[in-house]
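> Whatever this is, show me its structure:
(one chain, ligands or ions: 2)
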Amino acid sequence: MTTLRKTALERANSRPKIKVESPGRISEYFGRDVFGLLEMQKLLAPDVFKKVSRAIDAGTKIDIETADAVASAAKSWATTKGATHYTHWFQPLTGSTAEKHDTFFDALSGIEKFKGTALVQQEPDASSFPSGGIRSTFEARGYTAWDPTSPMFIYGVTLCIPTIFVSFTGELLDNKAPLMKAVDAVDAAATRVVQLFDKKVTRVKPSLGCEQEYFVVDKDLYNARPDLVMGGRTVFGHNPARGQQLDDHYFGSIPPRIYNFMKDFEIEALKLGIPVSTRHNEVAPSQFEVAPVFEDINVATDHNQLLMDVMSKVAEGHNLKVLFHEKPFAGLNGTGKHNNWSLITNTGINLFKPSSSARENLLFLVFFVNTIKAVYEYADLLRASIASAGNDHRLGANEAPPAIMSVFIGSTLTSVLDELEKNGNVKVEKGDNMYMKLGIDKIPQIILDNTDRNRTSPFAFTGNKFEFRAVGGAQNVAAPMTVLNLIVAQQLNEFYTEVEKEIGKGAEKRMAVVNVLRKYIKDSKKIRFEGDGYSDEWVKEAAKRGLENVKDTPRALDAYITKKSKKIFEANGVLSEKELEARNEIYWENYIMKIQIESRVMGDLAANHIVPTAVNYQNKLIQNANGLKGLGISNKEVVKVIEKISGYIHTIQTEVDSMIEERKRVNKIEDTREKAIAYCDDVKGKYFDKIRYAVDKLELLVDDEDWPLVKYREMLFLR
Ligand code: ADP
Ligand code: MG
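Ligands and ions are numbered 1, 2, ... in the order given. So this is what the prediction gives:
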């Protein structure tokens, strides 16, 4: 066996057991490394604390004296816990997180220092972060600015300060800032609508709970696969005889090595205040899921980014690698991240939770129907928000969920909406009579029975929240959550205006609400789908309905820069036209780089590893064939194999050569979008599958001893 594969397998199969000690009861260490409100209250003067907590709650500005006090308290707290450095922690558009560490130690005075100015703002050497041309056009520098709504935390020996990343001329250069603006937009819009019913509500906040799927492989096996190392997914590899057909992995018992890893990263996550709560096996072998309890969306988003980082770091200690890529292994389930989302008022009402009171259910229906309408109106934007080279392997590629956006609501709510649509124009009456006539007195409080079964829907109502399931496993969820909150904000604003108009025409308030809802139910019916989202019938049916089915990233991204999109992004103060265009440049470039890397890795592996191996094996067979012939024994079967191998070698060689030529041509294209499309259609589209097919066939023909790449079955069945 080739040495790399062989040593990797030997090492992977002889790992010492790693013991994970529990640091005690979770309540004793949860949030230990977080500088949260409790810590602040202990360390800050009461008036300072009041200012900070108001800033966190209501988004008010923090003056420099207050910032100084917070900085000083944070420094004392962090240094007593062993921190030596601090960093502004931010989420550039590369998709990961970034940090630049500075020491607290001030050599001049010989003591540790941390000033309010350093807390509030920092100028990272950010010239290498993507800006889509914004920074060169406007102003060369950008800065990071403290986000007090997401608490500081200690990571290693560094105090991390969650920040946004902005250019000096004010353009947003990161993932987090637009999300915060979209959150403000939906807060304003939703609060105004709720106040039609309930004046006590003064704020509405979105919540998010991310179910994170992931694969785990042994570190040495990972390192023996250049494709995994370079691009996060295997570009070759034949399916194991036992894949996920048996479904025996799902909810089965967790392999001990993985279980220890889970325990370990959960402890670290909990110390950082990430409320991880559930763990289980997923559908594919070696695939798992972790889900935290939902939180305020901004914090939940930071926590998801941090959790992925924690998992990757902790995995090192277990000689494991975590894969978040949307499709690391062909033929097996991909990796997604269900985004569970709801809107919750400052009085504690979840606006997506059906109530036992018919009257309150009208409010529920307002939010429920408006969300469906928002998805209907802006399905293309939602689709764009989850577009990535990795996610293209899931969406619309014979896997769940499809690239067609649709909403699943379950049979109970379907009949409620049907009835409401039919029963409009009832007389306004006191008490619950009117609601009975509208048919909205029958909404059961708990609708979990039929809402959770449809796992094929990209956007499903699951009892008291919507679940955006098409989000990719490796993605920063800020982008899809920005879009979701934005489109719901926009939709609620339109709703409010229409209700006001109806009232102006003399309608009673509740009837005005009902009338507009009925119209929306009718208008948005096309987006509702209760059937199997993976089926071919749905693709046909969706086409008939006129729903879009954009299967690739470069084209899906177009939705961000349509007139309609620019209008709502600007109207709600989330992103300007320029920012949207700059972002798309980055997304297209990112896509190009990903496909380019994959194409190079493919070419390199095929030409330098696979073909030579196949040729060697072929030579052995030729010897064998000649030997047989010399003995006068039929060598027909051996010759057949030789011919097959030759055929695949020929395919690989010619296709790889043409792919390289194609890449050269495509690289000359100047326009980023055009180039991304060319990479999609002409490089990936024309060559990847063909080359892979031939390589995977060779894997089945060539002697297992000789095969250079670690095989799927070797990677996927860790115990
Ligand atoms: P399932 O696998 O059935 O979808 P899980 O329990 O694995 O359910 O995940 C559900 C996720 O939804 C959890 O992160 C949970 O905290 C979150 N969640 C529950 N209620 C809400 C809500 N009102 N808003 C946002 N997220 C929620
Ligand atoms: Mg789910």
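> and residue 78, what is it in contact with?
Counting by C-beta atoms under 8 Å, 6 or more residues apart in numbering, residue 78 touches 35, 86, 104, 152, 154, 159. Every residue, glycine included, has its C-beta placed from N, CA and C.
> So the fourth one versus ligand 1, what's the distance?
To tie it back to what came earlier, the one meant is residue 152. Distance, residue 152 to ligand 1, by C-beta to the nearest ligand atom, to the nearest Å: 24 Å.
> That residue: neighbour count?
25 (other C-beta atoms under 10 Å).
> Backbone dihedrals for the closest residue to it other than its chain neighbours, both of them.
Of all residues not flanking residue 152 in the chain, residue 35 sits nearest, at 4.2 Å (C-beta to C-beta, 6 or more residues apart in numbering). Torsion angles at residue 35 (phi, psi; degrees, to the nearest 10) stand at phi -90, psi 80.
> Count residues in the vicinity of residue 35, would you?
23.
> can you check residue 634 too?
Residue 634: 9 neighbours (other C-beta under 10 Å).
> Same check on residue 367?
When neighbours are counted by other C-beta under 10 Å, residue 367 comes out with 23.
> check contacts around it.
By C-beta under 8 Å, 6+ apart, residue 367 lies in contact with 190, 193, 343, 351-352.
> Residue 541 too?
Residues in contact with residue 541 (C-beta under 8 Å, 6+ apart) are 529, 531.
> hey, C-alpha coordinates of the helix or strand harbouring it in CSV?
Using DSSP states H and E, residue 541 sits within helix 536-545. Extracted as CSV, the C-alpha positions of helix 536-545 are listed here (Å, rounded to 0.1, in the frame of the first residue of the first chain):
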residue,chain,number,x,y,z
ASP,A,536,-39.1,15.2,-9.7
GLU,A,537,-42.9,15.9,-9.6
TRP,A,538,-42.2,19.0,-7.5
VAL,A,539,-39.6,20.3,-9.9
LYS,A,540,-42.3,20.1,-12.7
GLU,A,541,-45.1,21.4,-10.5
ALA,A,542,-42.9,24.3,-9.3
ALA,A,543,-42.1,25.2,-12.9
LYS,A,544,-45.8,25.2,-13.7
ARG,A,545,-46.4,27.5,-10.8
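> quick check: mean pLDDT across that helix?
Across helix 536-545, pLDDT averages out at 93.
> So what's the gap between it and the chain middle?
Computed by C-alpha atoms, centre = their mean, to the nearest Å, the separation of helix 536-545 from the middle of its chain amounts to 26 Å.
> Can you tell me which residue of the stretch 1-150 of the chain sits closest to ligand 1?
residue 30 (15.5 Å; C-beta to the nearest ligand atom).
> Nearest residue to that residue in space, ignoring adjacent ones along the chain?
residue 270 (5.1 Å).
> Am I right that the one you found is in a helix?
Yes. Residue 270 forms part of a helix when assessed by DSSP: H, G, I helix; E, B strand; the rest coil.
> count of neighbours near residue 475?
Using other C-beta under 10 Å, residue 475 has 24 other residues around it.
> you'd agree residue 474 is up against residue 232?
Yes. In terms of C-beta atoms under 8 Å, residue 474 counts as a neighbour of residue 232; the distance is 7.2 Å.
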